[in-house]
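In: structural data only, the sequence is not supplied:
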């Protein structure tokens, strides 16, 4: 009896709504995984060869400059022996390691190091935290800076969301949604038209921002549009950041 | 009559709900502005002096290494004249400029350049786009990579949100909210207790993630916790990124 009871309960579970829910979750998740893997492959194809040629070219230029330097130093005095080139090259290698360490720490070889934590940059940084954009071109590096960043965000992000929602509401009420709705076709077409209209609105908005940023930051339109998209979606790579002088 | 009508309408507008709405918007916005400025000042105070000493130290090390190199080259042969040091220094400066350019392009002075766009990194990148985290340690640099990134995100972010919402729902239903609600005090205290409980839950969750990341990535707990927070909030600076080897 107990066994039958368990099987019965199990069967009820299998055919229950719960299973359907799990099934729909799993298929959605599978869709997302496939989508991500496919997208990743496309990114790799698009970027990797361009990256390789960029790296190769940079390496070639560097190696030429290095040889140029060694040749010049060697040529300065004919008295320098034959084995000297190797010794100078070894010395230079040690210096290069030190220079690379310095550059990691933010000190440049050829220009004065620019401290980034001035007040305007700090405001810019705070704004990227509150909007969760987080470009990351500057980020706190001290322990207390990071602790404060967490507390600042914990209170500030909900506050920002509240303000954005409150500012967004009258914006939405400005749109004559009701009269637009009447213009839309009924049924399936309605969804398609709605998506298309929303997309056009978004793209126009980004294009407008793109034009502005292109003019302010002297970029190509494509770069400026891409920057606006990456910012609006709060992805915020930080690969393109407004110039701050 | 017309004038009175206008004034009347104006008065009605001034005392209307609309004005109250604007007033609440403005005060909320003002609060956010004050909050941001105050936070920015604190960030600046916490970070700027640490940054300065970091830069100064890096510069000092670099300058010592440079002098060391020049001294060694000079000392190699006593035949080198007195003006030679300046000439070698000038030649070295030119080489350093080339080296810095190369490093901007991703080529290192001392190690082989590592191409980043392999498949695992591309998957990691795609995931940071879909979740809008956007660490930015890798980002598309070709025009077509950027175009694809926009299209990929336009479809993928809503898809990800759908999946996250669908996965979140059963998680919420697991929480015995109703029985917890009965335990809560009534009135104002309820809000405070709810906030505190939510916060504790979040901090515990982040601490757990922090412990895991600390172990996986051999970091301090503070760094790991900070990384988890910056990731969970989708801020994603990219200053700390999981090691990928």
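Out: Okay, I see it. Only a predicted model underlies this, so the values are computations on that prediction, with no experimental measurement involved.
In: after the longest helix belonging to chain A, which helix or strand is next?
Out: Criterion DSSP state H: the longest helix present in chain A is helix A:17-75. Using DSSP states H and E, the helix or strand that follows helix A:17-75 in sequence is helix A:84-104.
In: in that following helix, what's buried?
Out: Neighbour-count burial for helix A:84-104, counted by 16 or more other Cβ atoms under 10 Å in any protein chain shown, picks out A:84, A:88, A:91-92, A:95-96, A:98-100, A:102-103. Where you see a C-beta, it was placed from the backbone N, CA and C, and this is true even at glycine.
In: mind checking the pLDDT average for it?
Out: Per-region confidence: helix A:84-104 scores 77 on mean pLDDT.
In: what's the burial count for residue A:225?
Out: 23 (other Cβ atoms under 10 Å in any protein chain shown).
In: wait, it touches residue A:208, no?
Out: No - contact criterion Cβ atoms under 8 Å: residue A:225 and residue A:208 do not qualify, at 10.0 Å.
In: can you give me the domain boundaries for chain A?
Out: Here the domain parsing of chain A from automatic domain parsing is A:1-74+A:82-105, A:118-174, A:184-245.
In: pick the most buried one from those.
Out: Greatest average neighbour count among the domains of chain A goes to domain A:118-174 (a mean of 18), per mean count of other Cβ atoms under 10 Å in any protein chain shown.
In: which stretches of chain A have low pLDDT?
Out: For chain A, applying pLDDT under 70 flags the ranges A:1-16, A:74-83, A:105-114, A:175-181, A:244-245.
In: do that again at 80, thanks
Out: Flagging of chain A using pLDDT under 80 yields the residue ranges A:1-25, A:58, A:62, A:70-89, A:91, A:94, A:97-115, A:167-189, A:243-245.
In: quick one on the thing from earlier: need the domains of chain A in a markdown table with distance to residue B:199, can you?
Out: As requested, the domains of chain A are exported to a markdown table (distance: least, Cβ to Cβ, whole Å):
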| stretch | distance to residue B:199 |
| --- | --- |
| domain A:1-74+A:82-105 | 28 |
| domain A:118-174 | 7 |
| domain A:184-245 | 22 |
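In: and of those domains, who's closest to residue B:43?
Out: Closest to residue B:43 of the domains of chain A is domain A:118-174 (Cβ to Cβ; 4.7 Å).
In: ok now that closest one, how far from the chain's centre?
Out: Offset of domain A:118-174 from its chain centre (Cα atoms, centre = their mean, to the nearest Å): 16 Å.
In: does chain B have contacts with it?
Out: Yes - using Cβ under 8 Å from any Cβ of the partner chain, domain A:118-174 reaches chain B at A:118-119, A:122-123, A:125-130, A:132-136, A:139-150, A:152-157, A:159-160, A:162-163, A:166-167, A:170.
In: hmm, residue A:236 is touching residue A:129, no?
Out: No - Residue A:236 is not in contact with residue A:129 according to Cβ under 8 Å; the separation is 10.3 Å.
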